[in-house]
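Trainee: missing the sequence, but the structure's below:
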């Protein structure tokens, strides 16, 4: 069974999601394939988002206190992001 704190957090998340939907603040999901982007500006926006995620994970992977399993997970995530970046265009 979930703890009371977890239940409260879940209820808060549901409330915030409903509030955002009512306000029209629906989060966009990043497309995995470049063919799903209709606009060059949109593709560049998602590419910048991918580069931020890559940078964040590279900073995390450089932590000396991480275990081997966590390092492998981060490395797999970085490789996945690089493949995703490649589908959105090759500038750098």
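Mentor: Here it is on my side, so go on. Small disclaimer: the values here were computed from a predicted structure and weren't measured.
Trainee: from here on, contacts and neighbour counts on C-alpha atoms
Mentor: OK.
Trainee: what comes into contact with the strand or helix carrying residue 74?
Mentor: Residue 74 belongs to helix 68-87 when assigned by DSSP states H and E. Around helix 68-87, the neighbours that count as contacts under CA atoms under 8 Å, 6 or more residues apart in numbering are 32-34, 47, 50-51, 53-54, 57-58, 60-61.
Trainee: Let's see that with 7 Å instead.
Mentor: 32-34, 47, 50, 54, 57, 61 (CA atoms under 7 Å, 6 or more residues apart in numbering).
Trainee: And stretch 47-67, what's buried?
Mentor: 47, 50, 54, 57, 61 (16 or more other CA atoms under 10 Å).
Trainee: Report the distance from the lowest-mean-pLDDT helix or strand in the chain to the chain centre.
Mentor: One helix or strand of the chain scores below all others by mean pLDDT, DSSP states H and E: helix 4-23, with a mean of 77. The chain centre lies 20 Å from the centre of helix 4-23; the measure is CA atoms, centre = their mean, to the nearest Å.
Trainee: list the helices and strands the next helix or strand after it packs on?
Mentor: Next helix or strand after helix 4-23 toward the C-terminus (DSSP H and E): helix 40-61. Packing contacts for helix 40-61, counted by 3 or more CA pairs under 7 Å, 6 or more residues apart in numbering; DSSP states H and E, involve helix 68-87.
Trainee: Which two among the contacts of helix 68-87 are spaced furthest apart?
Mentor: The span of the contacts of helix 68-87, defined through CA to CA, is set by 34 and 61 at 27.1 Å.
Trainee: ok, now how distant is residue 61 from residue 82?
Mentor: As judged by CA to CA, to the nearest Å, residue 61 and residue 82 stand 15 Å apart.
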